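J.: Let's see this in three dimensions:
(chains A and B)
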Amino acid sequence: MHDAKASTPVDELRAAVLRAGAALGATPTSAPTLERPKQAAHGDYATNAAMLLAGALKSPPREVATRLADAIAVELGEDLERAEVAGPGFLNLFLTDGWHAKALQHVVGAGDAFGQVGADAPGRKKVNVEFVSANPTGPVHVGGSRNAAFGDALARVLTFLGHDVHREYYVNDYGSQVLKLGESVQARAQGVPVPADGYQGEYLQEVADAIPGAAADDVADVAQQAVALMVRRAMASLQAFGVTFDTWFSERSLHTSRPPAPSKVEHAFDVLAEQGRTYRHDGALWLRTTEFGDDKDRVLERSSGEHTYFASDIAYHQDKRERGFDLLVDIWGADHHGYVQRMHAAFEALGGDAGQLDLLIMQFVHLVSAEGREKMSKRAGEFVTLDELVADIGVDAARWFLLARSHDTTMDLDLDLAKSQSADNPVYYVQYAHARIASILRRSKVTPDPTILPGAELHPSERALIQALLAFGPAIQEAADKRAPHRVATYTLDLAQTFTAFYRDCLIVGDPAEAFRAALAASTQRVLATGLDLLGISAPQEMHRDDATAPDPDAAPA
RNA sequence: GCCCCCAUAGCUCAGCUGGAUAGAGCAGCGGACUUCUAAUCCGCAGGUCCCUGGUUCGAAUCCAGGUGGGGGCGCCA
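T.: Here you go, the predicted structure:
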């Protein structure tokens, strides 16, 4: 038996359905659903178990449903008001007020741990989440912002569910792009035109000004100092966005060594050679990625003796493997998607288990404004940075915008809308629900208590709100399993809407049911705060609209 | 040519291991403020879930083939 203490009322309901099915003498071909129907007429929860059992029992689904209903009635006892057979063989369960009250008591009793552990929670894993990892040749832009919000939220969700999460930023401080950065900075320092293929952004003037010897020093030194400055700047931008990292991993460090010890790249080459995955051809060192499904083999070491970017990445992942993580999650920009297959191939060539590496691709953010789509290019030097985005619409709205949609959908971000109508952003709706509860609880003089049942029947809005609270755990679990933190956003919005309906229908302060409803409101507040925190969004105690002091988007900056 | 992602309301997007009459926000129209906070709520309108075929009790969802859009295919990073 599983740990009954950790199981939620919905878990127990599901278990009752399974036991009832077993009582009929059959096991379903797949796990039966237990879902909240869209329509109230279809009960509090509905299951398709009868349809799944019909085959094994060789009986019509509706007949099976009728027998299942009797078996479930035995299992649930007084918690079940009635069960109705509907449609092709659904069984709609109507639960009593008593069940709902007990469910709320479970939520209250679970406290801050509510939603953290399910009855079938997977074991704790050591997870490495690598995200952002934008080249240190320019400020973090909007694409990096989406990556940052996503990776951070995913890390928060995994941590919430008990995993040991390590956050990492891979700094590309090696190779030709870095040299190009050095040349561009030096040109700025010397007051001569930046090379045509260099980085044209104005921000490099500041970088050049901040490096004392930028005009005369060796370009490679200037480049490293510039990288250090850009990394510091990215760190500050991300921190202001609520995103921090445990490790800033230097690509350069993969190439350095203290003889006779090999560098990490050389070590990775050794690992691959031991497995017989590499060969020499045309003076270059190649990796047989085709053995793992890649289109063609890939070069690790050029005929010139230089290592490719791919070599760095392989060494980096070998290093992660040796650090003992159970799961590696890499969050890459859409421009890297062509790289996924060969990275997987390389990972397996190293001896890694394919299931231990999860490569996620963040689709593009298209910036839309009145003038149309804006191209984002660091070289052109005209793009919206994370700093600018935060300055325009704030951390909370920015994170909501970037997190509310699935990562594999190309996304339009309308800057004009985000600026001029930020009050209409759903994030404020969710925050407002939280603040409203805080206000109500400040006014309430009674101690919230879910065991003091209202004399009258529960209002449908009360029942709906309790059910919405119970959906929290599964929503978070799914966000983690599917690497889909946007589900957390969808959930919090739904919970806020359900609460607002409850608020409309049910008076709290001064009502005979005040203690019970205050407990319900307080639980909602806590779940909203937890959900918002998983998104990295604040949960204010108070919010007031003040049109007189509302920021004017057209006003000149002070 | 090959590979990846996407296609759902006027717009931006949800839609959980396939379930019942496909949803939200914004935009539009009409209402509700001496409020437990109107940053709110109620109502109306808005759909060929890109197309074709397949799988089955049942497909927006899964499979195949198309069409359209975005992106990537270097001994660059």
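
J.: quick one, phi/psi of A:Gln363?
T.: phi -70, psi 170 (degrees, to the nearest 10).

J.: now chain A, which segments are flagged as low pLDDT?
T.: For chain A, the stretches flagged by pLDDT under 70 are A:1-6, A:117-122, A:369-383, A:420-421, A:546-558.

J.: In contact with the residue lying closest to A:Ala210 once chain neighbours are set aside, which residues?
T.: Excluding its sequence neighbours, the residue lying closest to A:Ala210 (C-beta to C-beta, 6 or more residues apart in numbering) is A:Leu229, at 6.0 Å. For glycine as for every other residue, the C-beta is placed from the backbone atoms N, C-alpha and C. Residues near A:Leu229 by C-beta atoms under 8 Å, 6 or more residues apart in numbering: A:Val207, A:Ala210, A:Ile211.

J.: In CSV, list the residues you listed along with distance to A:Ala16 and neighbour count.
T.: CSV is the format used below for the contacts of A:Leu229 (distance: C-beta to C-beta, whole Å; neighbours: other C-beta atoms under 10 Å):
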residue, distance to A:Ala16, neighbour count
A:Val207, 65, 24
A:Ala210, 67, 12
A:Ile211, 69, 21
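
J.: quick check, nearest of these to RNA strand B?
T.: If you rank the contacts of A:Leu229 by distance to RNA strand B using C-beta to the nearest atom of the strand, A:Val207 comes first, at 17.5 Å.

J.: wait, doesn't that closest one sit right on A:Arg188?
T.: Yes. Counting by C-beta atoms under 8 Å, A:Val207 touches A:Arg188, with 7.4 Å between them.

J.: State the number of residues packed around the residue of chain A found nearest RNA strand B.
T.: Here chain A gets closest to RNA strand B at one residue, A:Gly338, 2.3 Å apart by C-beta to the nearest atom of the strand. A count of nearby residues for A:Gly338, using other C-beta atoms under 10 Å, gives 10.

J.: same check, this time on A:Val340
T.: Residues near A:Val340, counting by other C-beta under 10 Å: 15.

J.: what separates it from A:Phe364, distance-wise?
T.: Distance, A:Val340 to A:Phe364, using C-beta to C-beta, to the nearest Å: 16 Å.

J.: ditto for A:Arg167
T.: To A:Phe364, A:Arg167 is 23 Å away according to C-beta to C-beta.

J.: show me what contacts A:Ala49?
T.: A:Val17, A:Leu18, A:Ala20, A:Gly21, A:Pro28, A:Pro32, A:Leu68, A:Leu91.

J.: Make TSV out of those residues and add distance to RNA strand B and secondary structure.
T.: What follows is the contacts of A:Ala49, written out as TSV (distance: C-beta to the nearest atom of the strand, whole Å; DSSP: H, G, I helix; E, B strand; the rest coil):
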residue	distance to RNA strand B	secondary structure
A:Val17	12	helix
A:Leu18	13	helix
A:Ala20	16	helix
A:Gly21	14	helix
A:Pro28	10	coil
A:Pro32	8	coil
A:Leu68	13	helix
A:Leu91	8	strand
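
J.: before we move on, the earlier item: double-check that the residue of chain A closest to RNA strand B belongs to a helix.
T.: Yes. Counting by DSSP: H, G, I helix; E, B strand; the rest coil, A:Gly338 is part of a helix.

J.: element containing the residue lying farthest from the centre of chain A, please.
T.: Farthest-out residue of chain A from its mean C-alpha position, per C-alpha atoms, centre = their mean: A:Ala216, at 45.5 Å. Remark: A:Ala216 resides in no helix or strand, with elements defined by DSSP states H and E.

J.: roughly how far apart are it and A:Thr33?
T.: Distance of A:Ala216 to A:Thr33, given as C-beta to C-beta: 71 Å.

J.: who touches both of A:Val207 and A:Arg188?
T.: Shared contacts of A:Val207 and A:Arg188, counting by C-beta under 8 Å, 6+ apart, come down to A:Ala214.

J.: buried sites along the helix or strand hosting the residue nearest to A:Ala210?
T.: A:Leu229 belongs to helix A:219-240 when assigned by DSSP H and E. For helix A:219-240, burial by neighbour count (16 or more other C-beta atoms under 10 Å) applies to A:219, A:222-227, A:229-231, A:233-235, A:237-238.

J.: any idea how far stretch A:225-240 is from the chain center?
T.: Offset of stretch A:225-240 from its chain centre (C-alpha atoms, centre = their mean, to the nearest Å): 23 Å.

J.: That stretch and RNA strand B, any residue contact?
T.: No. Against RNA strand B, stretch A:225-240 shows no contacts by C-beta under 7 Å from any atom of the strand, the least distance being 11.0 Å.

J.: and A:Leu328, that's in a strand?
T.: Yes. Membership of A:Leu328 in a strand is supported by three-state DSSP.

J.: Surely it touches A:Gln356?
T.: Yes. Here A:Leu328 reaches A:Gln356: they are 6.2 Å apart, a contact under C-beta under 8 Å.
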